[in-house]
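Q: Okay, predicted coordinates and the sequence, questions at the end:
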Amino acid sequence: MKTLRLALIGFGNVGQGFAQILIEHGSRLAVQYGVQFKIVAVADLQKGSVADAAGLDPQLLLQAAAGGDFKSLPEALQRDWAALDMIAHVQAEVLLELAFTDLQTGEPAYSHVKAALQKGMHVVTTNKGPVALHYAELSALAQAHGVQFAGEGTVMSGTPTVRLGQDVLRAAGIRQLEGILNGTTNYILTQMESGLSYAAALAQAQALGYAEADPAGDVEGHDAAGKVVILANLLLGVPLRMADVSCQGITGITSEMVADAQLAGERWKLVGRLQVQPDGSVQASVQPQRLPLSHPLANISGATNALAYTTDLVGTVTVSGPGAGRLPTGFAILSDLLAIARIA
Ligand code: HSE
């Protein structure tokens with residue numbers, strides 16, 4: 001049985017979802033894949049930090065997190081590691097970087113990822129910041145140290161999107177990617193079709209936990225643009241940057257526009273698009289579009305996400321599924337870890 005030791009930065013919804021998966025599915029995964037995962041350290045800005053080379057019990061971590069901090073865990077454990085200290089001192093094969101996303105600087109996740117890769121640790125992240133802003137540098141660093149830098153959960157959470165593209169569909173010659181990559185905006189547009197106002201639909205999306213802490217990043221299209229940049233870098237091998245994406249959100253879409261489209265048998269969708277040009281360059285955009293109902297993305301409703309890959313060899317392949325959520329994003333981490341376990 002192979003064991004991968006894990007150090008976590010961030011123990012919010014995603015880290016807790018992953019811990020829950022280990023508790024409920026760890027034994028099955030050990031039988032199916034011959035690998036077990038041991039959490040040896042956790043550093044969280046709010047809850048504090050805790051580490052034990054012998055392994056931390058995920059159930060106790062969850063119970064402590066429910067109380068707001070790690071104080072209820074045994075006194076004797078290592079407790080004074082801030083995130084960078086933890087990376088410097090921990091004995092672990094993989095860093096899970098699950099802290100908050102910042103699409104302006106990528107920090108503090110960027111520094112965490114860099115330090116871990118330089119130390120020779122694999123890194124799995126669900127954090128869009130370091131992947132959207134620094135992928136070229138970080139993947140080169142990973143390669144130089146013979147480790148993986150993986151981010152399945154950065155796009156469409158655990159719905160297999162990134163690895164499907166990288167490992168399988170890239171070989172089929174990807175010509176275009178078109179996606180509904182933001183659940184909040186798709187939820188708002190769907191609710192507006194049922195007669196809800198933009199403001200009421202946004203309030204619902206926030207209450208349901210789909211929106212970013214500052215929902216401007218969702219409704220103005222920046223979250224989707226970050227995912228477009230990630231797809232360009234990881235699936236097309238093109239070092240696109242945020243500024244290269246022509247980006248427009250849904251703030252200008254009115255209830256009248258939604259009703260007009262419905263009358264014409266069409267739907268407004270916020271579409272993220274990457275088109276490979278004949279010279280190999282890539283055109284990237286995020287913009288609201290009226291799609292005919294025959295379009296593969298037109299019937300994706302609510303907070304669901306979807307990505308349509310148009311390829312030379314298999315035509316168009318569309319994948320749809322959750323784009324956020326505790327267990328789906330925890331599952332994204334698991335799928336990256338299983339891929340790392342295959343080579344580690
Ligand atoms: N705020 C994002 C969304 C969460 O609505 O899709 C997942 O990245």
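A: On my side now, so go ahead. None of the values given here were measured: they were computed from a predicted structure.
Q: rest of the way, CA atoms for contacts and neighbours
A: Fine.
Q: Give me the contacts around the host helix or strand of T190.
A: Take DSSP states H and E as the rule and T190 turns out to sit in helix 183-193. The contact list for helix 183-193, computed with C-alpha atoms under 8 Å, 6 or more residues apart in numbering, reads 180, 198, 201-202, 205-206, 210-211, 218-219, 250, 255, 258-259, 262, 268-270, 301-305, 323-324.
Q: Make a ChimeraX selection of the buried ones in those.
A: Selection of buried members from these for ChimeraX, criterion 16 or more other C-alpha atoms under 10 Å:
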select :180,198,201,202,205,206,210,211,218,219,250,255,258,259,262,268,269,270,301,302,303,304,305,323,324
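Q: From the contacts of helix 183-193, list the ones also adjacent to the ligand.
A: Among the contacts of helix 183-193, the ones lying near the ligand by C-alpha under 6 Å from any ligand atom are 210-211, 218, 323-324.
Q: hey, where'd the strands end up in the chain?
A: 2-9, 35-44, 48-51, 94-97, 122-125, 149-150, 174-180, 246-247, 266-276, 282-292, 305-311, 315-321 (DSSP state E).
Q: for those, which one sits closest to V238?
A: For the strands of the chain, proximity to V238 was assessed by C-alpha to C-alpha; strand 282-292 is nearest, at 7.5 Å.
Q: Now that closest one: buried residues?
A: Taking 16+ other C-alpha under 10 Å as the criterion, strand 282-292 shows 282-288, 290-292 as buried.
Q: and if you look at stretch 13-26?
A: 13-22, 26.
Q: So which bits of the chain are right by the ligand?
A: Of all the residues in the chain, those lying near the ligand are 182-184, 210-212, 218, 323-324, going by C-alpha under 6 Å from any ligand atom.
Q: I'd like to know how many residues surround the nearest residue to V228 once chain neighbours are set aside.
A: Excluding its sequence neighbours, the residue lying closest to V228 (C-alpha to C-alpha, 6 or more residues apart in numbering) is G272, at 6.2 Å. Close neighbours of G272, defined as other C-alpha atoms under 10 Å, add up to 29.
Q: Please report the distance of G272 from the ligand.
A: Separation of G272 from the ligand (C-alpha to the nearest ligand atom, to the nearest Å): 12 Å.
Q: Check that residue and give its pLDDT.
A: The per-residue pLDDT reported for G272 equals 98.
Q: And for the one 4 residues further on?
A: Looking at V276, its pLDDT stands at 98.
Q: roughly how far apart are the residue nearest to it when sequence neighbours are not counted and the ligand?
A: Of all residues not flanking V276 in the chain, V282 sits nearest, at 4.5 Å (C-alpha to C-alpha, 6+ apart). Distance, V282 to the ligand, by C-alpha to the nearest ligand atom: 23 Å.
Q: what's the answer for F149, then?
A: For F149, the distance to the ligand - C-alpha to the nearest ligand atom - is 19 Å.
Q: residues touching the spatially most distant residue from the centre of the chain, list them.
A: Farthest-out residue of the chain from its mean C-alpha position, per C-alpha atoms, centre = their mean: L263, at 35.3 Å. Contacts for L263 (C-alpha under 8 Å, 6+ apart) come out as none.
Q: Would you check how far apart it and the ligand are?
A: Taken as C-alpha to the nearest ligand atom, the span from L263 to the ligand is 27 Å.
Q: Read off the pLDDT value for that residue.
A: 96.
Q: ok, back up a step: quick one: the residue nearest to V276 and L274 touch, right?
A: Yes - taking C-alpha atoms under 8 Å as the definition, V282 is a contact partner of L274 at 6.4 Å.
Q: the helices in the stretch 1-150 of the chain, which residues?
A: 13-33, 58-66, 83-89, 109-118, 128-144 (DSSP state H, counting those that start in this stretch).
Q: thinking again about what came up before, could you save the buried residues of strand 282-292 as TSV and add columns showing pLDDT?
A: Converted to TSV, the buried residues of strand 282-292 look like this (pLDDT from 0 to 100):
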residue	pLDDT
V282	97
Q283	98
A284	98
S285	98
V286	98
Q287	98
P288	98
R290	98
L291	98
P292	97
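Q: Among those residues, which one sits closest to I343?
A: Nearest to I343 among the buried residues of strand 282-292, with distances taken as C-alpha to C-alpha, is V282, at 31.6 Å.
Q: Would you list the phi and psi of L77?
A: For L77, the backbone dihedrals (degrees, to the nearest 10) come out as phi -70, psi 160.
Q: wait, it sits on D52?
A: Yes - with contact defined as C-alpha under 8 Å, L77 reaches D52; the gap is 6.0 Å.
Q: So for the two, which sits in the more crowded spot?
A: D52 (17 against 14).
Q: how about that one, what does it touch?
A: D52 makes contact with 40-41, 77-78, according to C-alpha under 8 Å, 6+ apart.
Q: How about V282?
A: Contacts of V282 by C-alpha under 8 Å, 6+ apart are 238, 274-276.
Q: Can you get me a residue count around L95?
A: 27.
Q: And for A66?
A: Neighbours around A66, by other C-alpha under 10 Å: 12.
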